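Participant: prediction below, plus the sequence it came from.
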Amino acid sequence: MKKSSFWKYGLVVISIVAILLFACGDNNGSSGSNTSGEGNGTGNGGGENSVAVTAVMLNKATLSIAIGGTETLTAAVAPENATNKAVTWTIDDDTVATVSNGTVTAVKVGSAIITVKTTDGNKTATCAVTVTRAQYEPNATDKTTNIGKLGPGGGTIFYVSASGFTVTGTGSFTAYYLEAAPINQATSFPWCAHDGSCLPNTDTAIGTGKANTAAILANGFHIIDDGNNAAAARVCANITIGGKTDWFLPSKDELNEMYKARTHLEISEGRFWSSSQYVSYGTSGNAWGKDFADGSESTASKVFGRLDVRAIRAF
């Protein structure tokens with residue numbers, strides 16, 4: 001064989017061997033497992049292994065927020081280099097507040113628990129939420145924005161008059177707001193203990209409930225035959241809430257405004273007394289009441305009727 005042919009065949013063999021060695025090296029380097037999709041030629045894939053979640057924490061364990069307000073909760077997933085940090089948010093009472101991606105919106109007075117849970121490992125953390133009423137703003141340019149807010153007597157503002165209204169009776173004055181007590185003063189209660197005689201000086205208009213209440217008490221219509229000195233008007237006049245003692249039984253029209261704002265007052269049922277009599281042919285054995293379930297107005301016997309009582313005040 002000629003020398004040139006020997007070198008020729010030798011170079012071919014060396015080239016084939018080199019190709020085979022390169023191919024084998026590539027296969028070995030990509031045969032390992034990895035999460036990043038890139039090999040390192042060592043047989044294990046070269047990617048980082050998944051890092052499991054060990055805990056989740058919230059930036060607040062408790063939260064107090066006024067109705068209509070929003071707050072943001074932040075979830076921190078541990079460890080910092082966890083592979084999957086996805087979380088879900090839930091609340092056990094969405095009538096009190098709602099939560100979306102950590103943003104909490106207050107709906108009504110009450111309490112609820114917000115839970116954040118990790119997708120990886122189902123780790124959880126909770127925050128106790130308390131929803132309160134916002135304080136009314138005495139100098140608000142638009143007074144109607146105070147409806148539903150907390151009044152100075154600790155009740156809920158349910159009526160606003162931008163121009164004001166006259167509160168009649170002794171010591172009459174101009175008021176702009178009516179607020180209702182936070183709870184009922186009585187349930188299934190009589191208006192008075194007397195017979196059907198007509199009490200003078202009761203009216204139905206807004207601003208007259210205070211004078212009506214005073215007239216009822218002055219004429220002895222608050223005395224109950226069983227010795228319980230607490231008929232509807234007396235129950236209202238006797239209470240002290242928020243340091244205020246000027247509560248009274250609402251007139252018919254004032255009670256109607258309460259019904260209009262029943263969502264703010266969180267009253268969905270019950271038939272309530274007004275301080276306004278129903279007068280027919282100069283006598284009255286009945287007084288006006290209102291059903292908060294359907295809004296209907298009707299009268300009931302002042303002695304034998306049994307309705308609920310919620311006090312109000314004007315300021």
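Facilitator: Received, thanks.

Participant: going forward, measure contacts and count neighbours with C-alpha atoms only.
Facilitator: Fine.

Participant: surely Gly270 meets Arg306?
Facilitator: No. The pair Gly270 / Arg306 is not scored as a contact, 10.8 Å apart, by C-alpha atoms under 8 Å.

Participant: any weak-confidence spans in the chain?
Facilitator: Scanning the chain for pLDDT under 70 picks out 1-48, 194-198, 221-230, 281-283.

Participant: show me the domain layout of it.
Facilitator: Domain ranges of the chain: 55-132, 143-314, per automatic domain parsing.

Participant: let me have these in TSV, extended by mean neighbour count and distance to Asn49.
Facilitator: Formatted as TSV, the domains of the chain follow (neighbours: other C-alpha atoms under 10 Å; distance: least, C-alpha to C-alpha, whole Å):
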stretch	mean neighbour count	distance to Asn49
domain 55-132	17	9
domain 143-314	19	54
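
Participant: now the spatially most central residue of the chain: phi and psi?
Facilitator: Centroid-nearest residue in the chain: Lys108, 2.1 Å away (criterion: C-alpha atoms, centre = their mean). Backbone dihedrals for Lys108, given as degrees, to the nearest 10, come out at phi -150, psi 170.

Participant: the spatially closest residue to it that is not a sequence neighbour and Tyr136, how far apart?
Facilitator: Distances taken as C-alpha to C-alpha, 6 or more residues apart in numbering place Val96 nearest to Lys108, at 4.9 Å, with adjacent residues excluded. For Val96, the distance to Tyr136 (C-alpha to C-alpha, to the nearest Å) stands at 20 Å.

Participant: over to Val56?
Facilitator: Taking C-alpha to C-alpha, one finds Val56 at 38 Å from Tyr136.

Participant: outside of the longest strand seen in the chain itself, list whatever touches it.
Facilitator: Counting residues, the longest strand in the chain under DSSP state E turns out to be strand 156-167. If you take C-alpha atoms under 8 Å, 6 or more residues apart in numbering as the criterion, strand 156-167 is touched by 142-144, 146-151, 172-182, 206-208, 210-211, 257-258, 261, 264-265, 314.

Participant: if we use 6 Å, what do you get?
Facilitator: Here strand 156-167 makes contact (C-alpha atoms under 6 Å, 6 or more residues apart in numbering) with 144, 147-151, 173-180, 207, 261.

Participant: pull up the pairing partners for the helix or strand following it, direction included.
Facilitator: Note on strand 156-167: by DSSP states H and E, the next helix or strand toward the C-terminus is strand 173-180. The strands beside strand 173-180 in its sheet (DSSP bridges) come out as strand 156-167 (antiparallel), strand 312-314 (antiparallel).

Participant: nearest to Gly220, of the ones you listed?
Facilitator: Gly220 lies closest to strand 312-314 among those, at 21.0 Å (C-alpha to C-alpha).

Participant: chain neighbours aside, what residue packs nearest to Asn238?
Facilitator: Spatially, and ignoring its direct neighbours in sequence, Asn238 is nearest to Thr245 (7.3 Å; C-alpha to C-alpha, 6+ apart).

Participant: what about the one you found, distance to Trp89?
Facilitator: 45 Å.

Participant: likewise for Phe165?
Facilitator: Counting by C-alpha to C-alpha - Phe165 and Trp89 are separated by 47 Å.
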